[in-house]
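Student: Attaching a predicted model along with its sequence, questions to come.
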Amino acid sequence: MIVERVPRDRVAWFPHCLAIATIVGGTSARADAAEIPADPSNYQELIAGLQPGDTLQLAAGTYNRILISGIHGTADAWITVEGPASGAPAIIGSESCCNTVQLYDSSFVAIRNLTIDLQGLFVDGVNAKDSVSHHILIENNTIQNFPPGSQSIVGINTKSLAYHWTIRGNTILEPGTGLYLGGSSGDMQFIAGVVENNLVVNAVGYDMQIKHQVEYAQPESLEPGPHVTIVRNNVFIKDDRASEDGDRPNLLVGGFPEGGPGSEDMYHVYGNLLFHNSREALMQASGRASIHDNIFIGSSAAIPALVIRNHAGKDVKLMHVYNNTFYAEGTAISFVNMATQDDAVVGNLIFATTPFTGPITDARDNLFAPLAEAANYVQMPAAALGAMDFYPLPGAVEGPALDLEKFADQVDYDRDYNGQPKGGFTFRGAYAGAGDNPGCPLEQATKDDDCAGPGDPSDPGPGGPGGGGGSTSGSSDGGSSNESGGEVGAAEFGGSAESISGEAGGQSDAAGDENSGCGCRTRGREHGRGAAVLALFVTALRRRARRRR
């Protein structure tokens, strides 16, 4: 596995507060690359003419969809379409015919600082389909006003082969499904991605899922793997609404191809807060994954917080679970199936009825206590945003140094939830420290202005406009939902309908029901429960994050 470790002085650490590193445009290869002002009267015509290195700056106002088709920047001259970084936003409105921001056959394109407003229509927020789109940055957008209760409507949806996407710093409010990456049949693979510093609040279905993968031909413009897909520093929150299409985990990643390209790919899932799920797992995984330094809070008493299992014909192969903190009413970790290549459950801090179950060969140095005793170990154990603090009490969660050598080639294995060094590896759980928490509070979308970690927020990191800590040589795709009739979880999506056929409207396959309609069903601009309050939180957050630039 080839993994580029980003030097610590190049990474901007604002996990879980969603204060995102400023991304600076790539160096232009064109002397005449332009910053082009646009407004609702001329923006789409200008988009069609963008050349490598150009930045289209959308003025504040209300726009009617965005179509990006056949637009190609270069590795050193990205094309950028962006709204104002502060002040009144550029609002991208929807129509029932079409997805709100639609990509076809595009590369080295950045889309950022937009308010994407679905207006209650049955269309996706951002959608890529029908042809390969690669090296895409979706950053610092707010996606809102989804049709209530419809799991099939997606915030960010890839419905074609997609690789080297960076999805960063977006806020997705009460979606049907927050992020749906890949195809329900295992095609349209999502490869070499970075999904970081996003906030997804109260999805009807998944906050995020990456689908399992079937075998595929190596794209000419994708470097040979193995690749790593990174999912880090996100906040995935659910509420108690049921879905008519079946309950779903907050996060799901799944298996890779059995042979050929992608078969040795891996997920690195770390630094995430997964909060509340009354009817499903907080996370489900199969295939090959490293899951470390996450915080799992508020799972169901009946379903484990983290479920490791075979799914969709993909076995559990390599599964490393280390230095996570769990606060679970029932079981914290369940290996439903044995890993065929390697496993580990190491150095976790677990408050639960049962710490872990299933066939695990390398389980060691975990610290377990019942929920009722959690206050003896951490500052404020609770399942309430803003009122909980799982930072350790002095001397409470330390022990002999953990042997993490088998994880040493994994991205940031030696950094805790706050992005701080783990030092001598003596702490159990997601935090490597004790006393007062130097990082951000575990809240939904708020942060203090002085809540920050190490690093330079103005450094873009590798990869042009999509840089900022894409510490992989590539990355790989993932999961699908729970197996029908399985021991844990609900049925998988059953169908394969795609969101939008051509430029005609339609439903995505996120709910799995085949839908041949045109997506012409509309509803008024109904807001889900608490959406207005959430929007105020997010507005304040974005002001603070942008002031940091």
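Tutor: Looks like it came in fine. Numbers count the residues shown, from 1 in each chain.

Student: Could you confirm Thr62 falls within a strand?
Tutor: Yes - the assignment for Thr62 by DSSP: H, G, I helix; E, B strand; the rest coil puts it in a strand.

Student: just checking, it touches Pro89?
Tutor: No - with contact defined as C-beta atoms under 8 Å, Thr62 does not count as touching Pro89 (9.5 Å). Any C-beta I mention is one placed from the backbone N, CA and C, and that applies to glycine too.

Student: Name the residue in those two with the higher neighbour count.
Tutor: Using other C-beta atoms under 10 Å as the criterion, Thr62 and Pro89 rank with Pro89 on top: 22 against 12.

Student: show me where this structure has helices.
Tutor: Secondary structure of the chain (DSSP state H): helices located at 43-48, 531-547.

Student: looking at those helices, which has the lowest confidence?
Tutor: Of all these, mean pLDDT reaches its minimum on helix 531-547 (a mean of 39).

Student: okay, which residue is most central for this structure?
Tutor: Nearest residue to the geometric centre of the chain (C-alpha atoms, centre = their mean): Val195, 4.4 Å.

Student: Surely it touches Asn234?
Tutor: Yes - here Val195 lies in contact with Asn234, judged by C-beta under 8 Å, at a distance of 6.6 Å.

Student: shared neighbours of these two, anything?
Tutor: Common contact partners of Val195 and Asn234 (C-beta atoms under 8 Å, 6 or more residues apart in numbering): Met208.

Student: list the buried ones in stretch 291-304?
Tutor: Ile291, His292, Asp293, Asn294, Ile295, Phe296, Ile297, Gly298, Ser299, Ser300, Ile303, Pro304 (16 or more other C-beta atoms under 10 Å).

Student: Any idea what Glu139 is bridged to?
Tutor: Beta-bridge partners recorded for Glu139 (DSSP bridges): Arg112, Arg168.

Student: Could you check how far it is from Ile230?
Tutor: 15 Å (C-beta to C-beta, to the nearest Å).

Student: same check, this time on Ala302
Tutor: The spacing between Ala302 and Ile230, counted by C-beta to C-beta, is 31 Å.

Student: same question, Tyr322
Tutor: Here Tyr322 is placed at a distance of 16 Å from Ile230 (C-beta to C-beta).

Student: Please apply the same query to Glu405.
Tutor: Counting by C-beta to C-beta, the gap from Glu405 to Ile230 is 21 Å.

Student: Between those two, which has more neighbouring residues?
Tutor: Comparing Glu405 with Ile230 by other C-beta under 10 Å, the one with more neighbours is Ile230, at 27 against 9.

Student: Give the ranges of residues in the stretch 201-350 of the chain that sit below the confidence cut-off.
Tutor: Nowhere does the stretch 201-350 of the chain drop to pLDDT under 70.

Student: Ok, the stretch 351-500 of the chain next?
Tutor: 444-500.

Student: unless I'm mixing things up, Val101 is touching Asn64, no?
Tutor: No - using C-beta under 8 Å, Val101 makes no contact with Asn64, being 11.6 Å away.

Student: Report the contact partners of the residue nearest to Glu398 when sequence neighbours are not counted.
Tutor: Among residues not flanking Glu398 along the chain, Thr426 sits closest, at 4.6 Å (C-beta to C-beta, 6 or more residues apart in numbering). By C-beta under 8 Å, 6+ apart, Thr426 lies in contact with Glu398, Gly399, Pro400, Ala401, Leu402.

Student: Of those residues, which is the most crowded?
Tutor: Leu402 (20 neighbours).

Student: That one reaches Phe425, doesn't it?
Tutor: Yes - contact criterion C-beta under 8 Å: Leu402 and Phe425 qualify, at 4.3 Å.

Student: and the closest residue to Ile68 other than its chain neighbours, what is it in contact with?
Tutor: For Ile68, ignoring the flanking residues on the chain, the nearest one in space by C-beta to C-beta, 6+ apart is Leu103 at 4.8 Å. Going by C-beta under 8 Å, 6+ apart, Leu103 touches Ile68, Ser69, Val109, Val126, Asn127, Ala128, Lys129, Ser133, Ile136.

Student: and of these, the nearest to Glu329?
Tutor: Nearest to Glu329 among the contacts of Leu103, counting by C-beta to C-beta, is Val126 at 35.3 Å.

Student: how far away is the nearest residue to Met338 once chain neighbours are set aside from Ala339?
Tutor: Distance criterion C-beta to C-beta, 6+ apart; nearest residue to Met338, sequence neighbours excluded, is Pro359 at 3.9 Å. Using C-beta to C-beta, we find Pro359 at a distance of 8 Å from Ala339.

Student: ok, now Gln379?
Tutor: Gln379 is 34 Å from Ala339, by C-beta to C-beta.

Student: Neighbour count: these two, which is higher?
Tutor: Counted by other C-beta under 10 Å, Gln379 and Ala339 do not tie: Ala339 has more neighbours, with 24 against 17.

Student: From Arg288, how far off is the more buried one?
Tutor: Relative to Arg288, and taking C-beta to C-beta, Ala339 is found at 9 Å.

Student: same deal with Ala408?
Tutor: Ala408 is 17 Å from Arg288, where distance means C-beta to C-beta.

Student: the more surrounded of those two?
Tutor: Arg288 (28 against 8).

Student: if I pick the more buried one, what's in contact with it?
Tutor: In this structure, Arg288 makes contact with Gly255, Phe256, Glu264, Asp265, Met266, Tyr267, Lys317, Leu318, Met319, Gln341, judged by C-beta under 8 Å, 6+ apart.

Student: I'd guessed the fourth one sits against Gly255; true?
Tutor: Looking back up the chat, that one is Asp265. No - applying C-beta under 8 Å, one finds Asp265 not in contact with Gly255, separated by 9.9 Å.

Student: Between these two, point out the one with more neighbours.
Tutor: Neighbour count, other C-beta under 10 Å: between Asp265 and Gly255, Gly255 has more, with 30 against 26.

Student: Excluding chain neighbours, what is closest to the more buried one?
Tutor: In space, and not counting its chain neighbours, Gly255 is closest to Lys314: 2.2 Å by C-beta to C-beta, 6+ apart.

Student: Ok, Pro37 next?
Tutor: Pro37 sits nearest to Gln57 (C-beta to C-beta, 6+ apart), 5.3 Å away.

Student: Hmm, the one you found is touching Asp39, no?
Tutor: No - Gln57 sits out of contact with Asp39 when judged by C-beta under 8 Å, with a separation of 9.9 Å.

Student: Pick out whichever of the two has more residues nearby.
Tutor: Using other C-beta under 10 Å as the criterion, Gln57 and Asp39 rank with Gln57 on top: 18 against 14.

Student: Now do the same contact list for that one.
Tutor: Residues near Gln57 by C-beta under 8 Å, 6+ apart: Glu35, Ile36, Pro37, Ala38, Glu82.

Student: what about the fourth one, how many residues close to it?
Tutor: Going back to what we said before, that points to Ala38. Residues near Ala38, counting by other C-beta under 10 Å, number 19.

Student: who's in contact with it?
Tutor: Residues in contact with Ala38 (C-beta under 8 Å, 6+ apart) are Leu46, Ile47, Leu56, Gln57, Leu58, Ala59.

Student: could you measure Asp343 against Glu373, distance?
Tutor: 27 Å.

Student: What separates the first and last residues of stretch 122-132, distance-wise?
Tutor: One end of stretch 122-132 sits 24 Å from the other (C-alpha to C-alpha, to the nearest Å).

Student: actually stretch 308-320, not the one I wrote
Tutor: Start-to-end, stretch 308-320 (C-alpha to C-alpha) is 10 Å.
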